[in-house]
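**Student:** Below are the sequence and a predicted model; questions follow.
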Amino acid sequence: TFSLVAERSEVANRLVSLIEGAEESIDVASTHLRLRPVADALLTKAALQPHVTIRVLLDGQEYTSLWRQEKQDAKVADCVANSGTDGGDLCRDVGYYFARDLTDAGIPVRFKWNAFRWHYLTSEQMHHKYLVIDGRHLVTGSYNLSNNAEHKTFENIVVLQGDAYPHLVQSFEDNFNSLWDLGVDENLAADLLEQVLSGTGAVPLIFEPMSVTTHQIDVLKAAIREACPAVDEDPAFHAHPESHHVCHP
């Protein structure tokens, strides 16, 4: 459908319905995960039907540090307090990053990650938007998993049934698996950590893309900060991360 639906959640409701109906597996590949109904549906599915395998692959910009998570949770708490009602859902409808919530709930989440500090000019972005459900249903289109895509921009999304499109659905599943395992067999994350901890040479700030978990990014970012404090102390590293491919301790 091509739609701009300001007052309803037409596409989000359809996605939630598909997630609720999953019997075996749900694979989500998306640039963003900022759409509360879908995030909540995944959390509920994991809690009530743990036998259903869920994997979520996001772009590196969706990673939330512990500091950022605390800030957004505090913002939600303030919103709820000021609303005068139990507005927790509405207070997470716009601008909330759900990746760490899913990770904390035990849902496997990975990020296509290639930079200490994300910037669109240097990111090899994971720009897909699709879901493969039970290996038979494919949902794909321009629609991001965000409130903005649901209510403020013109987007498209299609639902294809595997019985009619088995080879197409399988090609998306194969693509998901290749990105899910990006750099894993090659131990790219472990090699990067070893390079940073070695204390020899420049510290990489932009590197080969790899698929990593929230915990792996936490560890790598902490190691980079320890090895090269300038990444936080020098304003230039914040203002122009695209210009800083390495940090010289």
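**Tutor:** Happy to help now that I have it. Numbers count the residues shown, from 1 in each chain.
**Student:** just checking, T64 touches Y97?
**Tutor:** Yes: T64 lies in contact with Y97 (Cβ atoms under 8 Å); the separation is 4.7 Å. Using the backbone N, CA and C atoms, a C-beta is placed for each residue, glycine as well.
**Student:** anything in contact with each of those two?
**Tutor:** Common neighbours of T64 and Y97 (criterion: Cβ atoms under 8 Å, 6 or more residues apart in numbering): Q72.
**Student:** and whichever helix or strand L102 is part of, C-alpha only, in PDB?
**Tutor:** In this structure, L102 is located in helix 99-104 according to DSSP states H and E. The C-alpha coordinates for helix 99-104 follow below in PDB (Å, rounded to 0.1, in the frame of the first residue of the first chain):
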ATOM      1  CA  ALA A  99      17.200  -2.000  20.700                       C
ATOM      2  CA  ARG A 100      18.500  -2.200  24.200                       C
ATOM      3  CA  ASP A 101      15.000  -3.000  25.600                       C
ATOM      4  CA  LEU A 102      14.900  -6.000  23.300                       C
ATOM      5  CA  THR A 103      18.400  -7.100  24.200                       C
ATOM      6  CA  ASP A 104      17.700  -6.800  27.900                       C
END
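**Student:** ok, and what's touching the following helix or strand past that helix?
**Tutor:** Once the chain leaves helix 99-104, the next helix or strand it forms, by DSSP H and E, is strand 109-115. The contact list for strand 109-115 (Cβ under 8 Å, 6+ apart) reads 55-60, 62-63, 99, 102-103, 122-126, 179-180, 182, 205-214, 217, 241.
**Student:** now do stretch 135-148
**Tutor:** 11, 15, 18, 24-25, 28, 30-36, 38-39, 93-94, 129-133, 149-150, 155-163, 165, 168-170, 172-173.
**Student:** Next: stretch 55-63.
**Tutor:** By Cβ under 8 Å, 6+ apart, stretch 55-63 touches 25-34, 42, 97, 99, 102, 107-115, 118, 123, 125-128, 176, 179-180, 211, 214, 217.
**Student:** Swap in 7 Å and give it another go.
**Tutor:** With Cβ atoms under 7 Å, 6 or more residues apart in numbering as the contact definition, stretch 55-63 has outside contacts at 27-33, 97, 99, 102, 107-115, 118, 123, 125-126, 176, 179-180, 214, 217.
**Student:** For the residue nearest to the spatial centre of the chain, name its beta-bridge partners.
**Tutor:** Against the mean C-alpha coordinate of the chain, by Cα atoms, centre = their mean, the closest residue is L58 at 3.0 Å. Beta-bridge pairing for L58 (DSSP bridges): S30, F111.
**Student:** How much space separates it from I206?
**Tutor:** Distance, L58 to I206, using Cβ to Cβ, to the nearest Å: 19 Å.
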